[in-house]
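Colleague: model the structure of this input:
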Amino acid sequence: MAKSRSTRWQEAAEAARTAMENVKEAAGELDLAAIEKAISEFDVAAAAIIDVHEEVQEKYENMSDNAREGERGEMLGAITEIDTQSLGIVIDDIRDAILAAVEEALADCESVLDEIDGVEFP
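Modeller: Next up is the predicted model:
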């Protein structure tokens, strides 16, 4: 039996939150492989949320005006107003920020190593 939209939404939201916590933890440990894995897990969870959101939006758009004004219609309408597309943008921003920070740190390290390589002892 297929899972309901609300169940799929909840499961994907929990997976996204767990993945985000994993990103934070991996970033704190500077574990780049774990960061990328957690970001990939977040991407999957965000895609699942977006899929359910699109289903809800389609259902809401196909409702009659009368049905939209009812309790269920209002609940679906509230869901359609959530900007789920921003999840992908946010995680891309996080990925870019992490990569930029790592690249900057590596450049700083390389600069120090270049300076060390150039040292001549008396």
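Colleague: now D31: how far from A101?
Modeller: Here the criterion is Cβ to Cβ, to the nearest Å. By it, D31 lies 14 Å from A101. For every residue, glycine as well, the C-beta is placed using N, CA and C.
Colleague: and C109, by the same measure?
Modeller: 12 Å.
Colleague: any idea which helix or strand carries E104?
Modeller: helix 86-117 (DSSP states H and E).
Colleague: now do the contacts for A15.
Modeller: E41, V44, A45, A48 (Cβ atoms under 8 Å, 6 or more residues apart in numbering).
Colleague: now it: how far from M63?
Modeller: 29 Å.
Colleague: what's the answer for G73, then?
Modeller: For G73 relative to M63 (Cβ to Cβ), the value is 6 Å.
Colleague: over to K24?
Modeller: 39 Å.
Colleague: for stretch 39-53, buried residues please.
Modeller: I39, E41, F42, D43, A45, A46, A48, I49, V52, H53 (16 or more other Cβ atoms under 10 Å).
Colleague: coming back round to it: quick one: mean pLDDT for the helix holding E104?
Modeller: For helix 86-117, mean pLDDT is 82.
Colleague: got the CA coordinates for stretch 92-102 in PDB?
Modeller: Only the C-alpha atoms of stretch 92-102 are listed here, as PDB (Å, rounded to 0.1, in the frame of the first residue of the first chain):
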ATOM      1  CA  ASP A  92      23.600  24.800  -2.800                       C
ATOM      2  CA  ASP A  93      24.500  27.900  -0.800                       C
ATOM      3  CA  ILE A  94      25.700  25.700   2.100                       C
ATOM      4  CA  ARG A  95      27.700  23.600  -0.300                       C
ATOM      5  CA  ASP A  96      29.300  26.600  -2.000                       C
ATOM      6  CA  ALA A  97      30.100  28.200   1.400                       C
ATOM      7  CA  ILE A  98      31.800  25.000   2.700                       C
ATOM      8  CA  LEU A  99      33.800  24.600  -0.500                       C
ATOM      9  CA  ALA A 100      34.800  28.300  -0.500                       C
ATOM     10  CA  ALA A 101      35.900  28.000   3.100                       C
ATOM     11  CA  VAL A 102      37.900  24.800   2.400                       C
END
